[in-house]
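Novice: how would this look folded up:
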Amino acid sequence: MKKISIEALARQQLAAATSGSSGRAAATVFGGHEKVLRQTVMGMAKGTVMAEHESPGDATVYVLSGRVRLIVGEDVWQARTGDLLIMPKARHSLEAEEDATILLTVAKLP
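Specialist: Model prediction:
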């Protein structure tokens, strides 16, 4: 068994994101490319956008802190601390409306 403080990791990733040039930082806490399930804590500085992309499988975004906006074509959903977004099976992008941290969970489809 392994115990991880998601809150502490989120603070670290947000500090790295806000001090780095890309505006985001991430750490995988479980799984990886070779696993079916992957969980990643990501920090995003205000205004940072994860460009439009496809999801590699079933995915959710849990907002740990801040506010984000999910964009799918003309549709936009806003989420804040404590909200869970179920990612669509369509091209989408994610934008930090303010400094934010998220827990991204992906289960790759076979």
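
Novice: Nearest residue to residue 104 in space, please, no chain neighbours.
Specialist: Once flanking residues are discounted, residue 104 sits nearest to residue 40: 4.7 Å by C-beta to C-beta, 6 or more residues apart in numbering. (Each C-beta comes from the backbone N, C-alpha and C, glycine too.)

Novice: I'd assumed that neighbour was in a strand, is it?
Specialist: Yes. Assessed by DSSP: H, G, I helix; E, B strand; the rest coil, residue 40 belongs to a strand.

Novice: Give me the sheet partners of the helix-or-strand element of the chain with minimal mean pLDDT and which way each runs.
Specialist: Least confident helix or strand of the chain, by mean pLDDT, DSSP states H and E, is strand 49-53 with a mean of 91. Paired strands of strand 49-53, with direction, are strand 92-96 (antiparallel) (DSSP bridges).

Novice: tell me the mean pLDDT over whichever helix or strand comes after the strand it pairs with?
Specialist: On the C-terminal side of strand 92-96, the closest following helix or strand by DSSP states H and E is strand 100-108. The pLDDT scores in strand 100-108 average 95.

Novice: Give me the buried stretch members for strand 100-108, please.
Specialist: By neighbour count on 16 or more other C-beta atoms under 10 Å, the buried set for strand 100-108 is 100-106, 108.

Novice: And stretch 74-87, by the same measure?
Specialist: 79, 85, 87.

Novice: What of stretch 1-20?
Specialist: 9-14, 16-18.
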